[in-house]
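K.L.:
Here is a sequence with its predicted model. Questions after.
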Amino acid sequence: MKPHEPMQVGIVTIQPQRQAITIELPGRTSARLIAEIRPQVGGIVQKRLFEEGTQVNAGQVLYEIDPASFRATYASAEANVAKAEATVSSLVITARRNVELVKIDAISQQANDESQAALKQAQAELGMAKAALQTARINLERTRITAPIAGRVDTSTVTPGALVTANQEAALTTVQQLNPLYVDITQSSADLLRLKHELANGTLKKIAPNEAPIRLLLEDGSTYLHPGRLQFSGVTVNPGTGAVRLRALVPNPDGLLMPGMYVRALLEPGVAEQALMVPQEGITRTATGSASALVVGVDSKVEKRALTVTRAIGRLWQVTSGIQAGDQVIVDGLQRVKVGDVVKPVLVGTDSVQSGSKVPSAPPVAAR
């Protein structure tokens, strides 16, 4: 190279492009439905009728409590109903007869009133007996503890022979619906506010009217195969963290996801139709975090531009101010040039920049 030959630098020409906006946020999985199984009557557990960790159906019997005392109570209540019905039948006949007899003065009005009152009392006692029978029936049915929802059943905390009490604090087991399941995600209120502004002013377009698709990255770094949908955004900001909780619904047909797993959620809330994307290699930051880039300007001279950067998408930064379409941003050779230098720009592709390939360095100057 001649002594005054301009230094070669690798540049990328910035052009507007349609860019799907991707946001990566931390999240935890949780069951869509959870039912803690507790007894509603007390007694001795006779049987456990499920295999731990298997899928159970709604209404499936999980435990049986010794029903002997409840059957006796039910039989007694049935007998009381029969007795009350017989009493009512007898008093109905007497009351009807007395209504006719009082018309011909065969009995006193007082005797007729007493027979009518006795009938009403017997009818009330019959109602009480039927209510007691219904209670006894319910308690007898509750000796068979069933699953209120379909889902995967957890481990059992009791074995046959254990004594349980009605509405005890400790659950016998838990049934969780895991397909689909929820992913609870946290996002800073500042980022959420900026996103809403961009959607409102048209900088971003929504992909779907009321939902945003998401993908999950698992703890081992692999990508989960089944995409989900963001369905809920919290309405309260956590004062301690300044974050808002988002909730997504994700299919789990293979049972790979389990409640409590840590995941990274990749959200796509919208699309920027005219995004200006700059490779990370072309952007430098000061100690205060301000972003800037070196651009090949008029007469191939290096200019420094202060940039406003919004978000990173892969190895590209979305820039909203400081550069324009057609600007040539230096992505290779930044350390060899300074503002005002005349350079020789060599176009490199974005793919080359991301893969780490570099523009060949200029050969050393030959000694005279």
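P.N.:
Thanks, I have the structure now.

K.L.:
Wasn't V88 part of a helix?
P.N.:
Yes - using DSSP: H, G, I helix; E, B strand; the rest coil, the assignment for V88 is a helix.

K.L.:
ok, now which ones touch it?
P.N.:
When contacts are counted by Cβ atoms under 8 Å, 6 or more residues apart in numbering, V88 touches L119, A122, Q123, L126. Every residue, glycine included, has its C-beta placed from N, CA and C.

K.L.:
ok, the residues you listed vs H226, which is closest?
P.N.:
L126 (59.1 Å; Cβ to Cβ).

K.L.:
shaky segments in this protein?
P.N.:
Using pLDDT under 70 as the threshold, the predicted model of the chain has low-confidence ranges 1-4, 194-212, 232-236, 238, 269-270, 349-368.

K.L.:
Show me the helices in it, by range?
P.N.:
For the chain, the helices defined by DSSP state H cover 68-103, 109-141, 189-201, 350-355.

K.L.:
Could you tell me how far P227 is located from V250?
P.N.:
Using Cβ to Cβ, to the nearest Å, one obtains 8 Å as the distance from P227 to V250.

K.L.:
Which neighbours do these two have in common?
P.N.:
Shared contacts of P227 and V250, counting by Cβ under 8 Å, 6+ apart, come down to I214.

K.L.:
Out of the helices of the chain, flag the one nearest I323.
P.N.:
Closest of the helices of the chain to I323 is helix 350-355, at 14.7 Å (criterion: Cβ to Cβ).

K.L.:
need the contacts of V88 in a markdown table with neighbour count, can you?
P.N.:
Rendered in a markdown table, the data for the contacts of V88 read as follows (neighbours: other Cβ atoms under 10 Å):
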| residue | neighbour count |
| --- | --- |
| L119 | 20 |
| A122 | 20 |
| Q123 | 15 |
| L126 | 19 |
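
K.L.:
which residue packs closest to the most centrally placed residue in the chain, ignoring adjacent ones?
P.N.:
The centroid of the chain falls nearest to Y182 when counting by Cα atoms, centre = their mean (2.9 Å). Distances taken as Cβ to Cβ, 6 or more residues apart in numbering place S30 nearest to Y182, at 4.8 Å, with adjacent residues excluded.

K.L.:
is it true that that neighbour touches L257?
P.N.:
No - with the criterion set as Cβ atoms under 8 Å, S30 and L257 do not qualify as a contacting pair; they are 10.0 Å apart.

K.L.:
residues shared between the contacts of those two?
P.N.:
Common neighbours of S30 and L257, using Cβ under 8 Å, 6+ apart, are L181.

K.L.:
Which one of those two is surrounded by more residues?
P.N.:
L257 (23 against 17; other Cβ atoms under 10 Å).

K.L.:
what sits against the more buried one?
P.N.:
For L257, the residues meeting the contact criterion (Cβ under 8 Å, 6+ apart) are T29, L178, L181, L216, Y224, V250, V263.

K.L.:
switch the cut-off to 7 Å
P.N.:
If a contact means Cβ atoms under 7 Å, 6 or more residues apart in numbering, then L257 has T29, L181, V250 as its contacts.

K.L.:
now swap in V302 and tell me
P.N.:
With contacts taken as Cβ under 7 Å, 6+ apart, V302 has the following neighbours: L294, V296, V337, K338, V339, G340, D341, V343.

K.L.:
let's see 8 Å
P.N.:
Counting by Cβ under 8 Å, 6+ apart, V302 makes contact with L294, V295, V296, I330, V337, K338, V339, G340, D341, V342, V343.

K.L.:
just T29 next, same as before
P.N.:
By Cβ under 8 Å, 6+ apart, the contact set of T29 is L181, Y182, V183, D184, V250, L257, M258, P259, G260, M261, V263.

K.L.:
go again using 6 Å as the cut-off
P.N.:
T29 makes contact with L181, V183, L257, P259, M261, according to Cβ atoms under 6 Å, 6 or more residues apart in numbering.

K.L.:
quick one: the first one from P253, how far?
P.N.:
Applying Cβ to Cβ, the value for L181 to P253 is 11 Å.

K.L.:
The two: who's more crowded?
P.N.:
Set side by side, L181 and P253 show more neighbours around L181, with 23 against 10, by other Cβ under 10 Å.

K.L.:
is it true that that one touches N252?
P.N.:
Yes - the pair L181 / N252 is scored as a contact, 5.2 Å apart, by Cβ atoms under 6 Å.

K.L.:
Can you give me the domain assignment for this protein?
P.N.:
By the assignment in automatic domain parsing, the chain contains the domains 7-19+274-354, 21-33+179-271, 39-65+143-177, 67-142.
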